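Sequence and computational prediction follow.
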4 protein chains.
Amino acid sequence: MPRPLPHRLVAEYLGSLLLAALVIGSGIAAQRLSPGDVGLQLLENAAATAVGLFALILIFGPVSGGHFNPAVSLVDAIFRGLAWRDVPAYALVQVLGCVTGAVLANTMFEAAPISISTTERATAAHGLSEVVATVGLLLVIFSLVRSGRAALAPAAVGAYIGAAYFFTSSTSFANPAITVGRAFSDTFAGIAPSSVPAYVLAQLVGVAVAVPLLRLLYPTQTTPAPTAPVPSTTDSTAPVTEGQVR
Amino acid sequence: MPRPLPHRLVAEYLGSLLLAALVIGSGIAAQRLSPGDVGLQLLENAAATAVGLFALILIFGPVSGGHFNPAVSLVDAIFRGLAWRDVPAYALVQVLGCVTGAVLANTMFEAAPISISTTERATAAHGLSEVVATVGLLLVIFSLVRSGRAALAPAAVGAYIGAAYFFTSSTSFANPAITVGRAFSDTFAGIAPSSVPAYVLAQLVGVAVAVPLLRLLYPTQTTPAPTAPVPSTTDSTAPVTEGQVR
Amino acid sequence: MPRPLPHRLVAEYLGSLLLAALVIGSGIAAQRLSPGDVGLQLLENAAATAVGLFALILIFGPVSGGHFNPAVSLVDAIFRGLAWRDVPAYALVQVLGCVTGAVLANTMFEAAPISISTTERATAAHGLSEVVATVGLLLVIFSLVRSGRAALAPAAVGAYIGAAYFFTSSTSFANPAITVGRAFSDTFAGIAPSSVPAYVLAQLVGVAVAVPLLRLLYPTQTTPAPTAPVPSTTDSTAPVTEGQVR
Amino acid sequence: MPRPLPHRLVAEYLGSLLLAALVIGSGIAAQRLSPGDVGLQLLENAAATAVGLFALILIFGPVSGGHFNPAVSLVDAIFRGLAWRDVPAYALVQVLGCVTGAVLANTMFEAAPISISTTERATAAHGLSEVVATVGLLLVIFSLVRSGRAALAPAAVGAYIGAAYFFTSSTSFANPAITVGRAFSDTFAGIAPSSVPAYVLAQLVGVAVAVPLLRLLYPTQTTPAPTAPVPSTTDSTAPVTEGQVR
């Protein structure tokens, strides 16, 4: 049984906030500290995003799903995970969270709290890249979910996004909420508002491509086994107590 | 039943010592070997810290909890893990361990065993960063602990800290003990003693923010199951539904 | 029981396509963004490939085995995983997928969709490197498969390939399909068609060396246990057969 | 019951060979491709070593323990894992494997098959570093082994060594066999023969420090749960004995 909707919305809001702070903040640090090589900036940005995303999904996943991304919430609804009636609220708090995270990142780095990005990104090649990036992200998440391997999603999503920053020319936004959030920081990770619609559209095309592929690859949802009477919860039969593991 | 306190204090002392040697030592190496790019220095420092922290928590976690951090011990006591009466001793050996680790790092790199840092870091933006960094660290650790996933903490904490070095402007100390220890090395990772109180205060604010958030996100502690007669061995029997895990 | 062959071929085609897009695309990004240091380019290319490959094998592994590599399919058949009659079809779609992925990568980066590589790579040292790289890759995959640890293959293969980009002089193609695919992109990861036969030959020598080593190290196939009456829900008890996991 | 000694020696030989090829080969690549920044060279070398070591221990661990290191074999014997009578043979093939691996690395990179290193490394600071590096490595391995978590050793050892390349001034050899092997390559990872005895001595001091610490931290060996009647085959219930996993 899912947690009450308000709790889940808090989780999605906070997770989206921290995701945007992670993506934009590490972009600012990279740009300032490695001024001589854009590839090195992107490597720093990608590495921080990959490992940070792993941690964020671990934090919020059991509460709300750890989507932080309307495209993910939409596909989750299509596959009868998230209730359709919860999708708009999820999307709203995801966008608000990402905008707040942009403000937080700007402030942590002593920039103006809000600065509208001037980085034009809308090209056909970037649009194609966003389609590919979003398809890949959705394949990763829902291949795992539909085959009973959802516990691997935090590591897999972090890894995938870290790779996609480099193998697409758009640096793989793959998320309408963070696309909007990034418009509020005129820094490394920013995107001009005029380019936002093209990116979001491409991401929605990605949804349309990914869903039939997932139906083909994973036609049935593997239900996780019913929890055993005495539920085991750890991976390490080592005796772990709250006071004994950091 | 926890291990005897003296054993746990040895573990916390050694772990804190090695943590400070890791953070400060890799900072010295980075600064000397990559003089031309501060971002690359931070990448080397962050990567070494992330993977080294994973190893250190694996070593000492089952003995003492692998805190190496008074903020973590404090929150663990608040959530009734660590006994309150053990907190002062934990904090003391954590600080002593980090100071010893600074001396060890300096010595391994042929610097004076003790050099007081001259790097002033106390700014409002850095203070905000330390609040955010500490909140995130505590969310990672206690989300896992409170949901029966403590075995993931070593990887998650390493990953989180590696990211936080980049997405905060303070490079994420997030730990009063290592903040003190870093004052004893006038190198890349150092902090001037005059800046220490502001950092520690911000970290305590982070504790005050994180605890209610954790109570909201994870209202009850999931107790790890007693070992079943036929032990289950997996990491993913946490109750995962499609709508609940990205 | 394996999935129907057409489904498996779709998975191998898509996985090979995305693998080539990953390898070639991240190479293009690295070359353009870090023009001053070839080692940094290779680091960016290797890091993206390592973590991306982890994600790709997770996506397609349960469907087709996630081979993306005729050498792997061949050895899988030798060890009685994949049916011999399926090997030619696997190899064909792997090659077609890698060629398509090269075109996709070129297009995402606004290069001509097809450009034949002019990078001559055929030297004795590179040939030796490809033998070593392929032996290592096959040892990783089939050591895990033959000892009931196939669930670790996605992480292990990604890690191994990331390392092999650096410890061999050939940058470790280790895959006849992607060797052909890379000929279609005159960029960082490309290989001139005249060098392709030597690379493929060396990879086949690697197969010939790896198989007897694997028979010596792992003389018997450990069969995964039949699912217990109360099924466990983890990634590692997913019905994994030798023919189904790379 | 352990595998026959000859099989285990083949595994230790091959694993040591590939370890040396990994360490030395990636060092050569880094030095040649990133001539402008020694820190970047070390980052490339460390990253490749970390992930490659993870793969190598996965390959050979279930056969021989995956030690590749006489210091590890010695401590394993002290803790009654490896039989004392097998230690000399283990050490011998480890040294021979590492020397062969140096020759292989040199050859893959078109250098003379054997070139004696001229890099003098014997200083007091480096000696201290090797003691620390070896203590840390042994704590990682045997903390896991003695607490029933040996399945985590491949990832933990790779991570630890990647960190130790940076946080020690000696770049953490921590292994007498590879110390000898590195003398046979006058490249980035090399060590002059005159410096070898000091390094090996420091590593043995590390053994002498680590063993009592391990007895204090983990006084008893936790036996992995008895295998269930129908043996499960996942990585965590693989029949792991102290003598069989590094």
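Sure thing, it's come through.

ok, for residue A:10, nearest residue in space, not its chain neighbours?
Leaving aside its chain neighbours, residue A:10 sits nearest to residue B:216 (6.5 Å; criterion: CB to CB, 6 or more residues apart in numbering or on different chains). All C-beta spots, glycine's among them, are computed from the backbone N, C-alpha and C.

Pull the number of nearby residues for that neighbour.
14 (other CB atoms under 10 Å in any protein chain shown).

Test my guess that it contacts residue A:8.
No - judged on CB atoms under 8 Å, residue B:216 makes no contact with residue A:8 at a distance of 11.3 Å.

any residues in contact with both of the two?
With contacts defined as CB atoms under 8 Å, 6 or more residues apart in numbering or on different chains, no residue is shared by residue B:216 and residue A:8.

Give me the longest helix you can find in chain A.
helix A:5-33 (DSSP state H).

Just the buried residues of that helix, please?
Neighbour counts over helix A:5-33 (16 or more other CB atoms under 10 Å in any protein chain shown) mark A:7-31, A:33 as buried.

so does whichever helix or strand comes after it get close to chain D?
Downstream of helix A:5-33, the first helix or strand assigned by DSSP states H and E is helix A:38-64. No - Helix A:38-64 is not in contact with chain D by CB under 8 Å from any CB of the partner chain; minimum separation 9.0 Å.

close enough to count as contact, residue A:123 and residue C:110?
Yes - judged on CB under 8 Å, residue A:123 makes contact with residue C:110 at a distance of 7.5 Å.

Residue A:157 against residue A:143, yeah?
No - taking CB under 8 Å as the definition, residue A:157 is not a contact partner of residue A:143, at 11.4 Å.

what's the helix or strand for residue A:171?
Per DSSP H and E: nothing holds residue A:171, as it lies in no helix or strand.

how far away is the nearest residue to it once chain neighbours are set aside from chain D?
Leaving out its chain neighbours, the residue that sits closest to residue A:171 by CB to CB, 6+ apart is residue A:165, at 5.0 Å. According to CB to the nearest CB, to the nearest Å, residue A:165 stands 17 Å off from chain D.

quick one: contacts for residue A:165?
By CB under 8 Å, 6+ apart, the contact set of residue A:165 is A:42, A:45-46, A:49, A:171-172, C:48.

Tell me the one of the residues you listed nearest residue A:74?
residue A:172 (18.1 Å; CB to CB).

can you map out the helices along chain A?
Under DSSP H, chain A gives helices at A:5-33, A:38-64, A:70-78, A:87-108, A:124-146, A:153-167, A:176-182, A:196-217.

Compute the distance between the residue lying closest to residue A:84 once chain neighbours are set aside and chain D, please.
Spatial nearest neighbour of residue A:84, excluding adjacent residues (CB to CB, 6+ apart): residue A:77 at 5.0 Å. For residue A:77, the distance to chain D equals 33 Å [CB to the nearest CB].

how many neighbours does residue A:77 have?
By other CB under 10 Å, neighbour count at residue A:77 equals 17.

could you check the distance from it over to residue B:187?
Distance, residue A:77 to residue B:187, using CB to CB, to the nearest Å: 52 Å.

same thing with residue A:84?
Relative to residue B:187, and taking CB to CB, residue A:84 is found at 56 Å.

Kindly report the same for residue A:178.
From residue A:178 to residue B:187 the distance is 36 Å (CB to CB).

Mind checking which of those two has more residues around it?
residue A:178 (29 against 23).

ok, the more buried one - contacts?
So residue A:178 contacts A:16, A:19-20, A:23, A:68-69, A:98 (CB under 8 Å, 6+ apart).

now those in JSON lines, with pLDDT?
Listed next are the contacts of residue A:178 as JSON lines, based on pLDDT from 0 to 100:
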{"residue": "A:16", "pLDDT": "98"}
{"residue": "A:19", "pLDDT": "98"}
{"residue": "A:20", "pLDDT": "98"}
{"residue": "A:23", "pLDDT": "98"}
{"residue": "A:68", "pLDDT": "98"}
{"residue": "A:69", "pLDDT": "98"}
{"residue": "A:98", "pLDDT": "98"}
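
which regions of chain A lie under the pLDDT threshold?
A:223-246 (pLDDT under 70).

Kindly recompute the last result at 50.
A:225-246 (pLDDT under 50).

tell me which strands and helices the longest helix of chain A is in contact with?
If you count contacts as 3 or more CB pairs under 8 Å, 6 or more residues apart in numbering or on different chains; DSSP states H and E, helix A:5-33 packs onto helix A:38-64, helix A:87-108, helix A:176-182, helix B:38-64, helix B:153-167, helix B:196-217.

and the angle for it with helix B:124-146?
130 degrees (axes from the mean of the first three to the mean of the last three CA atoms, to 10 degrees).

between helix A:5-33 and helix A:153-167, how many degrees?
Using the same axes, to 10 degrees: helix A:5-33 against helix A:153-167 is 40 degrees.

how much does helix A:5-33 deviate in direction from helix B:196-217?
Using the same axes, to 10 degrees: helix A:5-33 against helix B:196-217 is 150 degrees.
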